[in-house]
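Q: Please find the sequence and the predicted model below.
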Amino acid sequence: MFVLCNTLRSMMILTMMIFCSLTLSKAFAEDVPSFKKFTVYQDKPSRNHYYISGYMPDGECVDMDDAWQQGCQEGRSCIKAYFGRECATMHQAWAGVYWLQPANNWGDTKGGFNLTGAKRLVFWARGEKGGETIIFSMGGVGMGRTYPDTASAATEPIKLSNEWKEYSIDLKDKDLSRITGGFAWVGNVKDNSKNSTFYIDNIYYE
């Protein structure tokens, strides 16, 4: 009888411990806020974060129209981007653009956003003709300056088709506590045999 009582008592204690553990786990899970979709670009009139202002290396070989209204992935507008391969050949063999916050901030001014909790950066892109090859990235701004980004990530060179396609950059295990460079693209002479026009739409963190 004594052994039976001890066994029942042990089972009751174990059951209570499991119940308490599950209850606490649920409580902690509910206390952690989920990351809300953070828009870099949706439409020209929408409330977008970051500014198309970081022209690299000098802005001479790129062109941007963030209010383009033809053949967009969705919504009222998208971004038409141009990489001047012929121009880049006479300069540094590459060119691109950063979305910065605040505008023109390369890490000398306190800025950016805390994007902790984001798992990936999502964007849609297509080439005008297909075959345009572009590298897309985020972060990496201000290395060696006062307010550097806390993380960076980039795609491999992506050969675009002339149809819209969704792409993403994995951000798991990244320190996203300060991101001044919210998005960027770079084209280079090596990957493009001619001038390239392409389109970007729906850029966001999730």
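A: On my side now, so go ahead. Numbers count the residues shown, from 1 in each chain.
Q: Reduced to three states, what does residue 124 come out as?
A: When the structure is split into helix, strand and coil by DSSP: H, G, I helix; E, B strand; the rest coil, residue 124 lands in strand.
Q: could you point out the longest strand in the protein?
A: In the chain, ranked by residue count with DSSP state E as the criterion, the top strand is strand 196-205.
Q: So in that sheet, which strands flank that strand, and in what orientation?
A: strand 38-41 (antiparallel), strand 78-83 (antiparallel), strand 120-127 (antiparallel) (DSSP bridges).
Q: Highest mean neighbour count out of the ones you listed?
A: Among those, ranked by average contacts under mean count of other Cβ atoms under 10 Å, first place goes to strand 78-83 (a mean of 24). Just so you know, the C-beta spots here come from the backbone N, C-alpha and C atoms, and that holds for glycine as well.
Q: So in this protein, where's the weakest helix or strand by average pLDDT?
A: Taking mean pLDDT, DSSP states H and E as the measure, helix 2-31 is the helix or strand of the chain with the lowest mean score, a mean of 41.
Q: Nearest to residue 146, out of the strands paired with strand 196-205?
A: Closest to residue 146 of the strands paired with strand 196-205, according to Cβ to Cβ: strand 38-41, at 23.5 Å.
Q: could you dump the closest one to PDB, C-alpha only?
A: What follows is strand 38-41, C-alpha atoms only, in PDB (Å, rounded to 0.1, in the frame of the first residue of the first chain):
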ATOM      1  CA  PHE A  38       8.300  45.800 -43.000                       C
ATOM      2  CA  THR A  39       7.900  47.500 -46.400                       C
ATOM      3  CA  VAL A  40      11.000  48.800 -48.200                       C
ATOM      4  CA  TYR A  41       9.000  49.500 -51.400                       C
END
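Q: That concludes my questions; thank you for your assistance.
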